[in-house]
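> 3D, please:
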Amino acid sequence: LSRQTKLKPGNVTLLLRSAARMSFKEVCAVLQELYSQAAEIRDGKNADYVPELETVNPELFGISVCSCTGEIWSIGDCDIPFTFQSTIKPLLYNIALEEVGDSTVHQHIGHEPSGQRFNAFVLDEDGMA
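Presented below is the predicted three-dimensional model:
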């Protein structure tokens with residue numbers, strides 16, 4: 001993965017897959033470049049259906065990573081507490097797909113939007129969340 005990587009969803013997934021073969025210093029260099037690109041993005045707005053998200057300063061942005069050996073690297077607004085909410089879900093979904101494959105993952109969770117609120121606990125006709 002080159003330091004010239006442009007910020008696109010596929011490239012972020014590629015970084016996650018490539019990181020195991022990269023040194024921590026190399027991962028941080030790529031993240032620094034991606035941070036510079038992402039820090040310029042001003043699209044979107046805060047979610048207004050979760051009080052904790054509605055009041056967050058939209059200018060705050062940071063990246064922090066920790067290696068398996070305890071090395072830590074951070075850039076940006078990393079000392080400000082924040083709520084994960086659903087931001088972790090795509091990462092966990094990707095990890096699950098990599099670990100056990102889509103057929104196994106989709107035996108337990110659906111993969112089409114349900115139209116339900118993010119915090120609704122409902123099962124579909126197959127008994128899946």
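> phi, psi of Ser64?
phi -140, psi 140 (degrees, to the nearest 10).
> quick one: low-confidence parts of this structure?
Applying pLDDT under 70 to the chain flags residues 1-17, 111-129.
> could you rerun that using 50?
Within the chain, the stretches with pLDDT under 50 are 1-4.
> how about the helices of it, start to end?
According to DSSP state H, the chain carries its helices in the segments 9-18, 24-38, 51-54, 89-100, 102-105.
> from Ile80, how far off is the residue nearest the centre of the chain?
What sits nearest the mean C-alpha location of the chain, by Cα atoms, centre = their mean, is Leu91, with 4.9 Å. Shown here: Leu91 relative to Ile80, a distance of 20 Å by Cβ to Cβ, to the nearest Å. No exception for glycine: its C-beta is placed from N, CA and C like everyone else's.
> swap in Phe24?
To Ile80, Phe24 is 24 Å away according to Cβ to Cβ.
> more neighbours: which of those two?
Applying other Cβ atoms under 10 Å to Phe24 and Ile80 shows that Phe24 carries more neighbours, namely 16 against 10.
> what about Leu34, neighbour count?
19.
> contact partners for Pro81?
Residues near Pro81 by Cβ atoms under 8 Å, 6 or more residues apart in numbering: none.
> ramachandran angles for the residue nearest to Glu52 when sequence neighbours are not counted?
Excluding its sequence neighbours, the residue lying closest to Glu52 (Cβ to Cβ, 6 or more residues apart in numbering) is Thr83, at 4.8 Å. Note on Thr83: its backbone torsions stand at phi -100, psi 130 [degrees, to the nearest 10].
> surely Thr83 and Pro51 touch.
No. Distance between Thr83 and Pro51: 10.0 Å, which falls outside the contact criterion (Cβ atoms under 8 Å).
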